[in-house]
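> got a predicted model here, sequence first, then my questions.
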Amino acid sequence: MSRIFTPKVVTANALLEGDVVYLTEDGTWTRRLDEAELIEDEAIAQLRLIEASAQPHRIVGAYLAEARAGRTGPAPGHFREGFRARGPSNRPHGKQAEILDV
Amino acid sequence: MYNPTKSDAAFLRRRAQEFRTQVARRIDGSLTEEEFKPLRLMNGLYLQLHAYMLRVAIPYGTLNADQLRQLAMIAERWDKGYGHMTTRQNIQFNWPRLSDVPDMLDALAEVGMHAVQTSGNTIRNVTADPYAGAAADEVADPRPLAELVRQWSTDHPAFQFLPRKFKFAVTGSPADRAILKAHDVGLQLVRRGGDLGVRVLVGGGLGRTPLLAEELRSFVALDDLLPYLEAVLETYNLSGRRDNKYKARLKITLREEGMEALSTRIEARFAELRGLYPGAAREYARIAQDFARPALNAAPTLAHFTALNDPAYAAWAKTNLVPHSDPDHAIARISLKGPGATPGDITAAQMRRVADLAEAHSGAEIRVGQDQNLILPHVPLGDLPALHAGLAELGLATANAGLASDITACPGMDYCTLATARSIPVAQALADRLRPIERELGALSIKISGCINACGHHHLGHIGILGLDRAGVETYQITLGGDASAQTALGERSGPGFAYDQIVPAIERILRAYLTLRQDASEPFIDTLRRLGPAPFKTALYTETRHAA
């Protein structure tokens, strides 16, 4: 029996800075998870991942990450993705220094 | 301290320039990520959870003041103003931009430092006893031997694509402070008659399959050492499992083949290679001259004994000073585990000031320990109060070396892409909980890893904590009875794990039980555990769980 597809976002790291980035609906990259495209169809998710992987001049290591619909956009579906979205919990100088409401 | 030769300096400049070209080719699209990744890893550059991470080698854990100042400059100019000391005598910068890394490597090369072979399936940074050259019990300073091995292994054409990473540790003392048995190869300087030679251990390692190294040879003459190591590496290179990365280490080859068969193959190859490096003994002698101990100051010691009347100083002296081979000097441990600290982190400002203090009080030498603390190896007793005062101004005079809050922890899921759970906040919360009772608890080693790869050496902690992802929830397993000393031992799993918000009280229950179970205050935790076995500690650990169930 095939597994039920759960919502995903396309995520990667930016080539130059290494920052965590997410693919948006219009095909650009954002550093905010809540601005990412939440993909609820498996075929579309695979297509978007292929599109993302075709941008090696911008990003590294694209993959589909678990996500769920949050109040203002996609929210992390796993604690690892939560840390990637927020930055390290021991020092407030990751993403949380620039984005206060992730 | 080793003085790099013109050839050493030219090699580092060439490597940095080569990597500059590779980075440029990656950015302009000439290299794919698949092609670039092994090249960046050979130069210590990882891509972690939030950013790139550059791992810089601190060979055999020895730095001079100028090198530490240069690390401070790098941290400020190209990172976020701090560095992280690891359990293998490296420093990691957590936030470099890819395009800045070539400049960072140039800056490192200016002071004879590099990130070569701090990653990848190569011979990694050669580590050593952090008290080398100062300890009262050593047969000889292990650093000349470690430097010889470093030179032999760096850019060695046959060993750039080994089945897996390969780790060396070196000590000159029977009181092993380099955790030899947790390495692929452990080298111990020994004397036979009047001759200096090397005892060789092989097949140790932590990670997914923790195993302790076993003796391969009780004595190898210095003249023979490099051909002998070449034979060890060639044998491993040919027979190491390349079909399964989890079985690709020498420790697995040893257990699959047995010591007798492995040793026979190594000895046969050694017989063919003997005499391969005829200049090695001469090079060892040349290197050893560079490690002559700095002139020791015969100044009055009175200030130290007077200062012992100050309770804060006395507490620091009790925990953070180690006897030096010269009775008028001490080895001073600088704790990077103060209240609120991330274990092993040090700011650029602290690096600069520690460099000043090392220059003023310790022959300009600094060491990095496998416990993620710093060490000043040659401090005159009379200088200790001034050193303590200087450290206190930096927030680095915490009197906890070897106590419960001196916790070893890997970066865990706050930084590491391999991690399955966080380590740092667990270490911080545990240190806060145990700090009020740590003097009552006495000597105790707690080590935390955020995944099974065991960079936090959790198997070797008296109490080890391993963070795992269990069905999307951070879960922590406890091991009891590990030991990173010469009585090296691997901890045994206590039983079911604990959730993130339950692990700190769980550890506290073990330690409260210890205070009840110990014969008296002179019996350390590890001795009580060895005397009674884990059963009473497990009872204390799981009682609350059972009551709640």
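It's in.

> got the residues of chain B near chain A?
Taking C-beta under 8 Å from any C-beta of the partner chain as the test, the list of chain B residues beside chain A reads B:26-27, B:29, B:32-33, B:47-52, B:80, B:95, B:97-99, B:342, B:413-415, B:422, B:424-425, B:428, B:469, B:472-474. C-beta coordinates here come from the backbone N, C-alpha and C atoms, glycine included.

> for ChimeraX, what selects the buried ones among those?
The buried residues among these can be selected in ChimeraX (16 or more other C-beta atoms under 10 Å in any protein chain shown) with this line:
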select /B:26,47,48,49,50,51,52,80,95,97,98,342,413,414,415,422,424,425,428,469,474
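
> please flag which of the residues of chain B next to chain A sit within strands.
B:47, B:52, B:469, B:473-474 (DSSP state E).

> among these, which two are most distant?
Pairwise distances across these peak at 29.2 Å for B:52 and B:473 (criterion: C-beta to C-beta).

> residue B:53 and residue B:93 touch, don't they?
Yes: assessed by C-beta atoms under 8 Å, residue B:53 is found in contact with residue B:93 at 6.7 Å.

> quick check: closest non-adjacent residue to residue A:48.
Closest residue in space to residue A:48, ignoring its immediate chain neighbours: residue A:10 at 5.1 Å, by C-beta to C-beta, 6 or more residues apart in numbering or on different chains.

> can you classify that neighbour as helix, strand or coil?
The three-state label for residue A:10, taken from DSSP: H, G, I helix; E, B strand; the rest coil, comes out as strand.

> which residues of the stretch 1-150 of chain B score low on pLDDT?
Within the stretch 1-150 of chain B, not a single segment meets pLDDT under 70.

> which residues touch the longest helix anywhere in chain B?
When chain B is parsed with DSSP state H, its longest helix is helix B:6-27. With C-beta atoms under 8 Å, 6 or more residues apart in numbering or on different chains as the test, helix B:6-27 has contacts from A:15-16, A:57, B:4, B:31, B:33, B:36, B:39-40, B:43, B:98-99, B:101-102, B:105-106, B:108-109, B:112, B:114, B:116, B:154-155.

> what about residue 71, neighbour count?
No chain in the question, so chain A it is. By other C-beta atoms under 10 Å in any protein chain shown, 6 other residues sit near residue A:71.

> let's do chain B instead
Here the number of neighbours of residue B:71 (other C-beta under 10 Å) works out to 26.

> wait, doesn't it sit right on residue B:56?
Yes: in this structure, residue B:71 is within contact of residue B:56 by C-beta under 8 Å, at 7.4 Å.

> shared neighbours of those two, anything?
Common neighbours of residue B:71 and residue B:56, using C-beta under 8 Å, 6+ apart, are B:91, B:113.

> export the ones in strands among the residues of chain B next to chain A as CSV, with columns for distance to residue B:402.
Below are these laid out as CSV (distance: C-beta to C-beta, whole Å):
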residue, distance to residue B:402
B:47, 36
B:52, 34
B:469, 32
B:473, 33
B:474, 28
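
> which one of the residues you listed sits closest to chain A?
residue B:52 (4.3 Å; C-beta to the nearest C-beta).

> what sits against the closest residue to the closest one other than its chain neighbours?
With C-beta to C-beta, 6+ apart as the measure, residue A:18 is the residue that lies nearest to residue B:52, at 4.3 Å, once sequence neighbours are left out. Applying C-beta under 8 Å, 6+ apart to residue A:18 gives the contacts A:60, B:47-48, B:50-52, B:95, B:97-98.

> now do the same for residue A:18: its pLDDT.
Looking at residue A:18, its pLDDT reads 95.

> please apply the same query to the one 4 residues further on.
Per-residue pLDDT puts residue A:22 at 98.

> so after the strand or helix carrying it, what's the next helix or strand?
For residue A:22, the host element (DSSP states H and E) is strand A:20-23. Next in sequence after strand A:20-23, counting helices and strands by DSSP H and E, comes strand A:29-30.

> any part of that following strand near chain B?
No: using C-beta under 8 Å from any C-beta, strand A:29-30 never reaches chain B; the gap is at least 15.3 Å.

> show me what that strand is packed against.
strand A:20-23 (3 or more C-beta pairs under 8 Å, 6 or more residues apart in numbering or on different chains; DSSP states H and E).

> give me the mean pLDDT for the helix or strand containing residue B:223.
Residue B:223 belongs to helix B:222-239 when assigned by DSSP H and E. Helix B:222-239 shows a mean pLDDT of 96 in the predicted model.

> that helix - contacts with which helices or strands?
Using 3+ C-beta pairs under 8 Å, 6+ apart: helix B:222-239 touches helix B:143-153, strand B:185-192, strand B:195-202, strand B:214-221, helix B:250-257, helix B:259-273, helix B:280-290.

> list the buried residues in the fifth one.
Okay, so that is helix B:250-257. B:250-254.

> what mean pLDDT does that helix have?
pLDDT averaged over helix B:250-257 gives 96.

> off-centre distance for that helix?
In this view, helix B:250-257 has its centroid 24 Å away from the chain centroid, taken as C-alpha atoms, centre = their mean, to the nearest Å.

> quick one: distance of the lengthiest strand in chain A to the chain centre.
Longest strand in chain A by number of residues (criterion: DSSP E): strand A:59-69. Offset of strand A:59-69 from its chain centre (C-alpha atoms, centre = their mean): 4 Å.

> now do stretch B:344-362
19 Å.

> pull the CA atoms of it into PDB?
In PDB, the C-alpha atoms belonging to stretch B:344-362 read as follows (Å, rounded to 0.1, in the frame of the first residue of the first chain):
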ATOM      1  CA  GLY B 344      33.900  24.700  23.800                       C
ATOM      2  CA  ASP B 345      32.800  28.200  22.500                       C
ATOM      3  CA  ILE B 346      35.200  31.100  22.900                       C
ATOM      4  CA  THR B 347      34.800  34.600  21.600                       C
ATOM      5  CA  ALA B 348      37.400  36.600  19.600                       C
ATOM      6  CA  ALA B 349      37.900  39.000  22.600                       C
ATOM      7  CA  GLN B 350      38.500  36.000  24.900                       C
ATOM      8  CA  MET B 351      41.000  34.500  22.400                       C
ATOM      9  CA  ARG B 352      43.000  37.700  22.200                       C
ATOM     10  CA  ARG B 353      43.200  38.100  26.000                       C
ATOM     11  CA  VAL B 354      44.000  34.400  26.500                       C
ATOM     12  CA  ALA B 355      46.900  34.900  24.000                       C
ATOM     13  CA  ASP B 356      48.100  37.800  26.100                       C
ATOM     14  CA  LEU B 357      47.900  35.800  29.300                       C
ATOM     15  CA  ALA B 358      49.800  32.900  27.600                       C
ATOM     16  CA  GLU B 359      52.500  35.300  26.600                       C
ATOM     17  CA  ALA B 360      52.800  36.700  30.000                       C
ATOM     18  CA  HIS B 361      52.600  33.500  32.000                       C
ATOM     19  CA  SER B 362      53.100  30.400  29.900                       C
END
